[in-house]
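**Student:** Starting from these lines, generate the structure:
(2 chains)
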Amino acid sequence: MKENKSIWFLGGIFFLLVLMICGCSKSPQSLKPKNYINWLRKPENGLNKTKTINDLAFTMCYRTNEDVVVLNNKREEITKQLLEQELNDLGNELQYATFKIARDNSNQSVLQVGNVSGDVYTKRIAYMSFDMQNDFYLIEGNDTLDCQLFHFVRNYELAPYVEFSLGFENSKNKIIQDKTFVYEDKLFNTGILKFTIDSKDIKQIPSVQVY
Amino acid sequence: MKFSNNHLMIVLITLVSITMVGTILSYLNTPKIGYVQINEVYNEFRLKKELEGKLSTVQIARKGILDSLGMKIEMLSRELTTKKDVSKRSKLDNLKHEYLLKEQKLAEDNELLTGQYQEQIWNQLNQYTKEYSNKHDYDLLLGANGSGTLLGAKETIDATEDLIKFVNNRYEGK
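**Tutor:** Residues are numbered from 1 along each chain as shown, chains lettered A, B, ... in the order given. As a prediction, the model looks like this:
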């Protein structure tokens, strides 16, 4: 009887251990397109980093080529053939990210920070449309990579944030390394803003479920 | 009624338990206080070091502009000691005037840029210090800057080194 109890006790501990190990497993193997997009944007997965300075929240989100394809397609499911075709079309020259500036405690537009005059407002729009591209770069190992693709996603102040799509040169080094995205702020006097994406977080990105 | 050993043991255990609970409660209720050497944190902050480098590059470039203008003035002055040339004299006066104006303008620009960089450093440093204080659940985190606001404190509550590591990690976006 006593032996039986011990076996049950040990069995219980083993079961709990299995549960804990399963619970700790870091990332799923593959995800449906919608879940894949959401997974990349969850801060706990390490690919979406935010810094808040002077009530402004700056967010940099690393995007995979799969994310670009899946988001462009806007489909619940994607075929293997279509995904491969679109990835091929997209090429391998660039690596992507989105950068967002939002106000932390206000619904007012980011463009209006500091209650600026019309002239300053226009200058801000012009800077965000063109010159801002030169203030982004990506550091990977010993390489400093330029921002080669830049797009200011206009929302005409319908949202309390501004968003930018970025494309950086791909490093010649094929080994996955930490990626430090840098933005040298010229608008809000917050200085150099860095966002580091850990290589171990990049390695654990799941794949897109295809059918 | 007899007071047995068992009773004595129960009383002792109860007393020890009460003391332990009391100690834990008092520990939990004690406000967490710490201090940091602000100047040290500021000097070791990576953004400060990077902006210092940038500022020095800009200042050297600006000094180069002034130096080349100074050289022109020097050469023209030498020529004028040997020859009396009215047009050159007027050119020299103009150059001297330009030099003075440029010197003043560049000094102002340097001051403006220094102020701008200092603001950027403090904007980030204040934010990261706030995050550090919240993360470590400080009730009070004092900044000692040698001006007499903090007259004495035990080294055990000195969080300077820890804060330096934290702010530099946050600056690197980790």
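**Student:** use CA for all of it now, contacts and neighbours both
**Tutor:** OK.
**Student:** For the chain, which segments count as strands?
**Tutor:** Going with chain A. Applying DSSP state E to chain A gives strands spanning A:30-31, A:48-53, A:56-63, A:94-103, A:136-140, A:143-153, A:161-169, A:179-184, A:192-197, A:207-208.
**Student:** Switch to chain B, please.
**Tutor:** With DSSP E, the ranges of strands along chain B come out as B:33-37, B:140-144.
**Student:** Please convert the ones you listed to CSV, extending it with mean pLDDT.
**Tutor:** Below are these laid out as CSV (pLDDT from 0 to 100):
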stretch, mean pLDDT
strand B:33-37, 93
strand B:140-144, 88
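**Student:** most packed of these?
**Tutor:** Most buried of the strands of chain B by mean neighbour count (mean count of other CA atoms under 10 Å in any protein chain shown) is strand B:33-37; its value is a mean of 19.
**Student:** who touches residue A:139 in this structure?
**Tutor:** Residue A:139 sits next to A:145, A:179-182 when contact means CA atoms under 8 Å, 6 or more residues apart in numbering or on different chains.
**Student:** rerun that using 10 Å as the cut-off
**Tutor:** Counting by CA atoms under 10 Å, 6 or more residues apart in numbering or on different chains, residue A:139 touches A:145-146, A:171, A:177-182, A:194, A:196.
**Student:** So, low pLDDT: which residues of the chain?
**Tutor:** Here I'm looking at chain A. For chain A, applying pLDDT under 70 flags the ranges A:1-27.
**Student:** Switch to chain B, please.
**Tutor:** Within chain B, the segments meeting pLDDT under 70 span B:1-3, B:83, B:148.
**Student:** residue in it nearest to chain A?
**Tutor:** Distances between chain B and chain A by CA to the nearest CA are smallest at residue B:173, namely 4.0 Å.
**Student:** And for the residue lying closest to that residue once chain neighbours are set aside, the neighbour number?
**Tutor:** The shortest distance from residue B:173 to any non-neighbouring residue, by CA to CA, 6 or more residues apart in numbering or on different chains, is to residue A:195 (4.0 Å). Counted with other CA atoms under 10 Å in any protein chain shown, the neighbours of residue A:195 add up to 26.
**Student:** pretty sure residue A:195 contacts residue A:184?
**Tutor:** No - with contacts counted by CA atoms under 10 Å, residue A:195 stays clear of residue A:184, the gap being 11.6 Å.
**Student:** Thanks a lot, catch you later.
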